[in-house]
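>>> here you go, sequence then predicted model.
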Amino acid sequence: MSGLPSRKIDIFSHILTPKYKEALYKKAKPCYNLEANLARPALSDLDERFRVMDKFEGLRQVLTVGAPPVEYVVSPDEAVELSKIANDEMAKLVETYPNRFVAAVAQILSDPNSRNYENLGNGPSRCDTAHASVRPHRK
């Protein structure tokens with residue numbers, strides 16, 4: 001067994017992709033998570049993320065959208081829009097860096113129509129693995 005390459009999969013790796021982060025910070029109600037995320041550069045800086053990942057041979061990450069839960073800080077329509085942006089960007093990361101990432105799907109339940117993956121952009125059809133972030137919508 002020692003001749004096999006090392007493989008590690010981090011299944012809970014949060015990320016704020018560039019367009020998603022920009023839209024989130026523009027539209028979201030102020031909250032702790034938005035402020036705290038500023039102290040976590042690897043959430044949105046790929047160079048920093050890769051520097052950390054390179055310390056662990058064979059590491060791949062299942063990407064999940066970083067906090068805050070989008071449906072808690074924007075309207076239902078905006079949550080669907082932001083989830084589409086996140087899905088498209090995560091799918092692009094998996095496509096561009098297949099040896100680094102296995103993407104996840106950002107799905108929200110604030111709009112009954114968003115339960116259909118096709119309404120959220122490039123979900124499981126372009127990703128190796130699907131993960132649904134399922135939380136009830138708060139009014």
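Thanks, I have the structure now.
>>> just after the longest helix along the chain, pick out the following helix or strand.
If you go by DSSP state H, the chain has its longest helix at helix 76-96. Where DSSP states H and E defines the elements, the next helix or strand beyond helix 76-96 is strand 101-102.
>>> what helices and strands are in contact with that next one?
The contact analysis (3 or more CB pairs under 8 Å, 6 or more residues apart in numbering; DSSP states H and E) places strand 101-102 against strand 59-65, helix 76-96. Just so you know, the C-beta spots here come from the backbone N, C-alpha and C atoms, and that holds for glycine as well.
>>> quick one: those as TSV, columns for mean neighbour count too.
Shown next, in TSV, are the helices and strands packed on strand 101-102 (neighbours: other CB atoms under 10 Å):
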stretch	mean neighbour count
strand 59-65	22
helix 76-96	20
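>>> for the longest helix of the chain, the averaged confidence score.
Here helix 76-96 scores 90 as its mean pLDDT.
>>> now the helices and strands packed on strand 101-102 in JSON lines, with distance to Ala106?
Output for the helices and strands packed on strand 101-102, formatted as JSON lines (distance: least, CB to CB, whole Å):
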{"stretch": "strand 59-65", "distance to Ala106": "4"}
{"stretch": "helix 76-96", "distance to Ala106": "4"}
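>>> ok, which of the ones you listed comes nearest Ser13?
Distance to Ser13, taken as CB to CB, is lowest for strand 59-65 among the helices and strands packed on strand 101-102, at 3.7 Å.
>>> show me what the helix or strand that the closest one is followed by is packed against.
Downstream of strand 59-65, the first helix or strand assigned by DSSP H and E is helix 70-73. Packed against helix 70-73 by the contact rule (3+ CB pairs under 8 Å, 6+ apart) you find helix 18-27, helix 76-96.
>>> nothing else from me, thank you.
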